[in-house]
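Engineer: here's a sequence, model it:
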Amino acid sequence: MLKKLFGKKEETPESINVHSPLTGKMLSLEEVPDPVFSQRMMGDGIAIDPAEGKVVSPVEGEIVQVFPTKHAVGIKAKNGAELLIHIGLETVSMNGEGFETHVSEGKKVKVGDPLVTFDMDLVKEKAKSTITPVILTNGDDFGEIKKEEAGVVTAAQSQVMTISIK
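Structural biologist: Here you go, the predicted model:
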């Protein structure tokens with residue numbers, strides 16, 4: 001047990017590449033019209049303005065949380081980085097309407113595995129925005145977060161960030 005608590009596993013990578021979980025336009029967090037994200041209250045990261053309602057895994061790892069309202073998913077990457085994918089803004093009030101999850105807590109995922117599909121038109125109608133933040137929630141445990149330049153990204157193909165261990 002002590003080795004599990006104090007020793008790093010040999011296979012833990014020093015850094016991981018985070019791919020885009022959606023196809024669309026990558027934005028900086030400052031462009032997100034919600035202070036919780038734009039002021040990095042939950043952590044650093046990027047945001048995607050999606051072109052379609054399909055969210056895939058941006059990393060190889062394990063699902064640690066699927067929100068009951070299906071609007072957000074938490075993933076723990078192989079190096080311990082914990083990523084939150086928050087679909088749209090103020091989507092929690094939709095209570096899962098228009099969202100379908102394809103994973104559950106504890107499921108192992110690879111880059112490109114389907115996580116959630118959602119009805120873009122319904123989100124546009126009922127929520128503040130479809131902009132989807134991708135946040136490193138345990139950033140204090142990590143060193144550098146290198147973000148790629150904003151622009152058009154393709155789900156599971158475009159690299160958006162590299163997260164390195166301290």
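Engineer: quick check, pLDDT for residue 11.
Structural biologist: Looking at residue 11, its pLDDT reads 68.
Engineer: what do you get for the one 3 residues further on?
Structural biologist: The predicted structure scores residue 14 at 86 on the pLDDT scale.
Engineer: state the distance from the nearest residue to it once chain neighbours are set aside to residue 62.
Structural biologist: Spatial nearest neighbour of residue 14, chain neighbours left out: residue 165 (5.5 Å); criterion: CB to CB, 6 or more residues apart in numbering. The way it works is simple: take the backbone N, C-alpha and C, and place the C-beta from them, glycine included. According to CB to CB, to the nearest Å, residue 165 stands 17 Å off from residue 62.
Engineer: for residue 146, same thing?
Structural biologist: For residue 146 relative to residue 62 (CB to CB), the value is 23 Å.
Engineer: equivalent analysis for residue 137, please.
Structural biologist: 14 Å.
Engineer: test my guess that residue 13 contacts residue 61.
Structural biologist: No - Residue 13 is beyond contact range of residue 61, at 11.0 Å (criterion: CB atoms under 8 Å).
Engineer: who has more neighbours out of the two?
Structural biologist: residue 61 (23 against 15; other CB atoms under 10 Å).
Engineer: and the more buried one, how far from residue 12?
Structural biologist: Distance from residue 61 to residue 12, by CB to CB: 12 Å.
Engineer: same question, residue 42
Structural biologist: 24 Å.
Engineer: these two - which one has more neighbours?
Structural biologist: residue 42 (16 against 12).
Engineer: the more buried one and residue 85, how far apart?
Structural biologist: Taking CB to CB, one finds residue 42 at 12 Å from residue 85.
Engineer: and the residue positioned nearest the centre of the chain, its phi and psi?
Structural biologist: By CA atoms, centre = their mean, the chain has its centre lying nearest to residue 85, at 3.0 Å. Per-residue torsions, residue 85: phi -110, psi 110 (degrees, to the nearest 10).
Engineer: could you measure from it over to residue 162?
Structural biologist: 17 Å.
Engineer: residue 117 too?
Structural biologist: Here residue 117 is placed at a distance of 27 Å from residue 162 (CB to CB).
Engineer: give me the more crowded residue out of the two.
Structural biologist: residue 117 (18 against 14).
Engineer: need the contact list for the more buried one.
Structural biologist: If a contact means CB atoms under 8 Å, 6 or more residues apart in numbering, then residue 117 has 53-55, 99-100, 102 as its contacts.
Engineer: bridged to it, which residues?
Structural biologist: residue 54, residue 100 (DSSP bridges).
Engineer: tell me the pLDDT of it.
Structural biologist: 98.
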